[in-house]
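1. My questions concern the predicted model and sequence given below.
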Amino acid sequence: MPHNIIKPKFSAMDSFQISTASRSQFIDITGQVQKLVAESRMADGFCHIWVPHTTAGLTVNENADPTVVEDILKQLDRMVPWDNHYRHGEGNSAAHIKSSLMGCRLTVTIKDGRLLLGTWQGIYFCEFDGPRQRQVWVGVMAKG
């Protein structure tokens, strides 16, 4: 094995479900992800978060003031309006575009068994085609 590849000592995989309530919505999932990190009993490593949906996404942003996510959703709606003469037959092209803009994966460092986030940061599930039942997959790898 080449010396520049880190082989994890241990890894764990889990998931949880989310029920969204509206077409566009950000849901703070920091606590749910941290719970899975704690259950993995890994002190230092990385947490990989994945959304297996093409009309949803993930982001890290401020979780102290709810108007921040309201502003983000409002601006995304301006940039990618729901009805813009898209060609996709299902009529949810705006949701696909917003999902691509936000991305479907995140990696967060784990230190001393905790997600290493800034003071005001939280992890958000981003719904763009709800309401729906959604899944979030979480993989935790200990530092090698």
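-> Noted; the coordinates are in hand.

2. what's across from W50 in the sheet?
-> On the basis of DSSP bridges, W50 is bridged to R105, W137.

3. That one and M79: what is the separation?
-> Here W50 is placed at a distance of 25 Å from M79 (C-beta to C-beta, to the nearest Å). For every residue, glycine as well, the C-beta is placed using N, CA and C.

4. Likewise for G31?
-> Distance of G31 to M79, given as C-beta to C-beta: 30 Å.

5. for K98, same thing?
-> Taking C-beta to C-beta, one finds K98 at 8 Å from M79.

6. Looking at those two, which is more packed in?
-> K98 (24 against 11; other C-beta atoms under 10 Å).

7. Touching, the more buried one and W82? I think so.
-> No. Judged on C-beta atoms under 8 Å, K98 makes no contact with W82 at a distance of 9.9 Å.

8. Using the three-state scheme, assign the spatially most central residue of the chain.
-> Most central in the chain under C-alpha atoms, centre = their mean is L58, positioned 2.7 Å from the mean C-alpha point. Secondary structure, DSSP: H, G, I helix; E, B strand; the rest coil: L58 is strand.
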